[in-house]
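S.K.: Just the structure for this:
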Amino acid sequence: MGVIGTTNSKQPEKKDGGLFAAGNGSNPPPPGPGAGAGAPGGASSGGPGRPNGPGGGTGLQISGGAAIMAPVSAFPGGIPNNALVVLPLSAPSDELKGQLEKGPVALTPEQMWKLLGFNGPAVQVQDDQGRPIAIGLEDLVSGLQKHWDEAPDDLNRGRILAQELLKYGKLDKAEAVLSRIVAKGGQGDDWLALGVAQLQQQKFDRAEGTLRGAQNLMADNPYPSLHLAKIAQSKGEKDNEKTMAQRAISIDANCVDAWAYYFQLVRDADGEDKAVAAVEELANAAVNQKSVAPYVAIQGFYANEDATRDKAIAWAKKAVERNSDDPLAILCLSALYGAQGNLDAVISVLQPHEGKMARDVRLANNYFEALFQSRQIDKVTKLLNALAGSPNREVKQFAIERSRMVAQFLQQQQQQLAQSMQQQPQRKA
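M.R.: Numbers count the residues shown, from 1 in each chain. Predicted structure coming up:
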């Protein structure tokens with residue numbers, strides 16, 4: 001039995017198994033500025049690797065915030081690519097069984113989770129042995145709150161609670177938790193997270209004071225300045241916004257978020273040509289000449305649309321030309337070629353950098369996907385054998401999982417070949 005749901009903006013997004021994209025950020029602890037419509041994205045994640053099942057136009061295409069609950073057998077055309085399949089861990093209730101016997105049922109996401117026995121949306125966590133399990137969001141939050149209450153001086157327990165609250169958009173509760181942590185002597189990251197929680201609730205005066213505190217505690221971190229730029233934007237202080245964005249770049253020239261923010265700021269004020277010129281001028285300053293971040297940032301504004309992807313590739317190539325050994329530049333260009341379905345180009349970009357893949361699972365993934373989709377199985381096997389000896393835990397786990405997948409694929413191919421051989425004598429007879 002399965003439950004088919006929708007991708008909902010309030011639920012954590014799950015990417016399909018395609019190529020990793022470079023994106024436009026350095027993954028700061030809190031969300032960076034510039035999110036939302038018109039914000040930069042990365043190269044599309046839908047490269048050579050495609051999810052199993054029907055493509056576009058096959059089966060039921062689900063969108064919006066509602067949900068459809070039905071047995072998997074109710075979708076003979078294939079499960080939609082944007083569906084969510086949920087298997088209840090406990091025995092289904094009589095109510096749930098009764099509804100399924102009647103056929104597909106339209107539900108709100110809240111009704112769906114309740115029928116499955118979850119207290120709030122289901123989220124994935126790990127048990128004490130590292131195995132993934134599902135739990136209702138409200139149960140997760142209450143459990144983490146209880147865990148912290150048992151040892152209120154253990155700030156790491158509070159940080160874990162705050163992280164989950166921020167992750168799932170419970171900003172008021174996150175602010176309360178982070179305020180307690182800061183009052184108990186929190187670090188710069190705690191101040192920064194608190195400022196972000198306040199900023200996202202449009203508590204601009206509070207957020208400004210908190211972020212200035214974070215700025216003083218984290219002189220080498222560009223994100224307090226970036227979020228202060230966002231506050232200046234909300235107040236209409238254009239000069240101050242530009243100053244803060246440039247300050248973020250001066251703190252860390254490799255921060256893609258800072259360059260993306262600066263590009264968007266100038267573009268909104270003066271147009272695309274002047275934005276490109278402004279970024280180029282700053283990128284060519286002596287202190288920034290080794291950074292690929294300016295070009296990675298600009299490509300992100302063109303990467304997600306087919307009509308502008310060639311422009312994104314041109315900027316990604318500039319990043320590689322500036323530093324052909326930079327993993328971010330390599331990742332970015334390979335992901336863009338993957339989005340075009342140009343497997344030969346992906347392989348050409350990544351093949352000289354096989355040595356880096358033992359340390360970077362994103363490069364390993366993109367190279368594996370391109371080789372596998374082009375059915376170069378010998379090279380796939382060689383790659384996975386090399387990655388299996390990596391000291392990097394994430395890369396090693398990737399190699400183990402992909403080796404199982406390849407073995408399963410080869411087994412299926414052998415079974416299909418055997419069936420074909422058996423059918424040939426029958427046809428002759």
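S.K.: continuing past the strand or helix carrying Gln215, what's the next helix or strand?
M.R.: Gln215 belongs to helix 204-217 when assigned by DSSP states H and E. Using DSSP H and E, the helix or strand that follows helix 204-217 towards the C-terminus is helix 223-234.
S.K.: what packs against whichever helix or strand comes after that following helix?
M.R.: Following helix 223-234 in sequence order, the next helix or strand is helix 238-251 (DSSP H and E). Under the contact criterion of 3 or more Cβ pairs under 8 Å, 6 or more residues apart in numbering; DSSP states H and E, helix 238-251 touches helix 223-234, helix 256-270. The way it works is simple: take the backbone N, C-alpha and C, and place the C-beta from them, glycine included.
S.K.: same for the next helix or strand after the longest one, what does it pack against?
M.R.: This means helix 256-270. Later in the chain than helix 256-270, the nearest helix or strand by DSSP H and E is helix 272-283. Packing partners of helix 272-283 (3+ Cβ pairs under 8 Å, 6+ apart): helix 256-270, helix 293-299.
S.K.: Report the buried residues of the longest one.
M.R.: Right, helix 256-270. Judged by neighbour count using 16 or more other Cβ atoms under 10 Å, the buried positions of helix 256-270 are 256-267.
S.K.: Quick one: the helices and strands packed on helix 238-251 as JSON lines, columns for distance to Asn304 and mean pLDDT too.
M.R.: Shown next, in JSON lines, are the helices and strands packed on helix 238-251 (distance: least, Cβ to Cβ, whole Å; pLDDT from 0 to 100):
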{"stretch": "helix 223-234", "distance to Asn304": "22", "mean pLDDT": "96"}
{"stretch": "helix 256-270", "distance to Asn304": "13", "mean pLDDT": "96"}
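S.K.: any chance of the ones you listed in JSON lines, plus distance to Ala358?
M.R.: Below are those laid out as JSON lines (distance: least, Cβ to Cβ, whole Å):
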{"stretch": "helix 223-234", "distance to Ala358": "30"}
{"stretch": "helix 256-270", "distance to Ala358": "24"}
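S.K.: just so I know, which of the ones you listed lies nearest Glu241?
M.R.: Closest to Glu241 of the helices and strands packed on helix 238-251, according to Cβ to Cβ: helix 223-234, at 3.9 Å.
S.K.: Who are the packing partners of that closest one?
M.R.: Using 3+ Cβ pairs under 8 Å, 6+ apart: helix 223-234 touches helix 188-200, helix 204-217, helix 238-251, helix 256-270.
S.K.: So which of the ones you listed is nearest Thr308?
M.R.: Smallest distance to Thr308 across the helices and strands packed on helix 223-234 (Cβ to Cβ): 13.7 Å, for helix 256-270.
S.K.: what angle sits between the closest one and helix 223-234?
M.R.: Per axes from the mean of the first three to the mean of the last three Cα atoms, to 10 degrees, the angle that helix 256-270 makes with helix 223-234 is 20 degrees.
S.K.: And for the nearest residue to Ala269 once chain neighbours are set aside, the neighbour number?
M.R.: Leaving aside its sequence neighbours, Ala269 sits nearest to Lys238 (Cβ to Cβ, 6 or more residues apart in numbering; 6.9 Å). Residues near Lys238, counting by other Cβ atoms under 10 Å, number 13.
S.K.: now do Glu164
M.R.: Neighbour tally, Glu164, other Cβ under 10 Å: 20.
S.K.: distance between the helix or strand hosting it and the chain's centre?
M.R.: Using DSSP H and E, Glu164 sits in helix 155-167. In terms of Cα atoms, centre = their mean, to the nearest Å, the centre of helix 155-167 is found 19 Å from the chain centre.
S.K.: Let me have the buried residues of helix 256-270 in CSV, extended by distance to Glu394.
M.R.: Listed next are those as CSV, based on distance: Cβ to Cβ, whole Å:
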residue, distance to Glu394
Val256, 21
Asp257, 23
Ala258, 26
Trp259, 27
Ala260, 26
Tyr261, 29
Tyr262, 31
Phe263, 31
Gln264, 31
Leu265, 35
Val266, 37
Arg267, 36
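S.K.: Looking at these, which is nearest Pro391?
M.R.: Val256 (26.8 Å).
S.K.: Pass me the low-pLDDT residue ranges in this structure, would you?
M.R.: Residues of the chain meeting the criterion pLDDT under 70: 1-92, 96, 424-429.
S.K.: again, 50 this time
M.R.: Counting by pLDDT under 50, the ranges of the chain that qualify are 1-17, 23-66.
S.K.: where do the strands sit along it?
M.R.: 3-5, 67-69, 84-86, 105-107, 122-126, 132-136 (DSSP state E).
S.K.: Could you list every helix and strand that the fourth one packs against?
M.R.: Helices and strands in packing contact with strand 105-107 are listed as strand 67-69; criterion 3+ Cβ pairs under 8 Å, 6+ apart.
S.K.: now do the fifth one
M.R.: Helices and strands in packing contact with strand 122-126 are listed as strand 132-136, helix 137-149; criterion 3+ Cβ pairs under 8 Å, 6+ apart.
S.K.: Distance from the first one to the middle of the chain?
M.R.: Think strand 132-136. On Cα atoms, centre = their mean, the centre of strand 132-136 falls 20 Å from that of its chain.
S.K.: repeat for stretch 202-216
M.R.: On Cα atoms, centre = their mean, the centre of stretch 202-216 falls 27 Å from the chain's centre.
S.K.: Other residues contacting it?
M.R.: Stretch 202-216 has contacts (Cβ atoms under 8 Å, 6 or more residues apart in numbering) with 182, 188, 191-192, 194-196, 198-199, 221, 224-225, 227-228, 231, 234-235.
S.K.: ok, the buried residues of helix 256-270 vs Leu383, which is closest?
M.R.: Val256 (27.4 Å).
S.K.: surely that closest one meets Tyr295?
M.R.: No - counting by Cβ atoms under 8 Å, Tyr295 is not a contact partner of Val256; they are 9.6 Å apart.
S.K.: show me what contacts the closest residue to Leu144 other than its chain neighbours?
M.R.: Computed as Cβ to Cβ, 6+ apart, the closest residue to Leu144 that is not its neighbour in sequence is Leu161, at 4.2 Å. Leu161 sits next to 141, 144-145, 147-148, 177 when contact means Cβ under 8 Å, 6+ apart.
S.K.: Among those, which one has the most neighbours?
M.R.: Neighbour tally across those (other Cβ under 10 Å): the maximum, 26 neighbours, falls on Val177.
S.K.: Just give me the neighbour total for the closest residue to that one other than its chain neighbours.
M.R.: In space, and not counting its chain neighbours, Val177 is closest to Ala162: 4.4 Å by Cβ to Cβ, 6+ apart. Ala162 sits with 28 neighbouring residues when counted by other Cβ under 10 Å.
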